[in-house]
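1. pasting the sequence and the predicted coordinates here, then a few questions.
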Amino acid sequence: MNADDFRRIALSLEGAEESSHMGAPDFRVQGKIFATLASQHQGYGNLKLTLEQQADFVRELPGVFLPIPGGWGKMGMTQIRLAAASEDVLTGALRTAWQLRLNKNTETKRKRSSRRRA
């Protein structure tokens, strides 16, 4: 897999759009980022996951997934080695990040709505 495959798969997810964050391509659903290609020059795609999801991916495929170094990785941001990933693995990882973002968007909307009613 490569950056073009990452982009193709990310954009195949319902409602996904490509944008830019700090000069790097990112992928959003409902205006919120779920993945980026900020590290594509190093052969990585980046995924926004929970710490639990990150741990599961790294444990299952340590040659493919790793936490982003530093504080971002401690918040669940995860790199995927594109050349080491199969299409199924990349699709599953992007779908996981996309679904997490959708769930968070829904949760945020619910909280805002309940605050307005209070």
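-> Looks like it came in fine.

2. three-state assignment of residue 46?
-> Under DSSP: H, G, I helix; E, B strand; the rest coil, the three-state class of residue 46 is strand.

3. contact partners for it?
-> 35-39, 68, 77-80 (C-beta atoms under 8 Å, 6 or more residues apart in numbering). The way it works is simple: take the backbone N, C-alpha and C, and place the C-beta from them, glycine included.

4. could you do residue 45 as well?
-> Counting by C-beta under 8 Å, 6+ apart, residue 45 makes contact with 3, 6, 35-37, 39, 79-80, 82, 90, 94.

5. so which of those sit within helices?
-> 3, 6, 90, 94 (DSSP state H).

6. wait, isn't the last one in contact with residue 10?
-> Yes - with contact taken as C-beta atoms under 8 Å, residue 94 and residue 10 are classed as touching, separated by 5.3 Å.

7. overlap of the contact sets of these two?
-> 27, 34-35.
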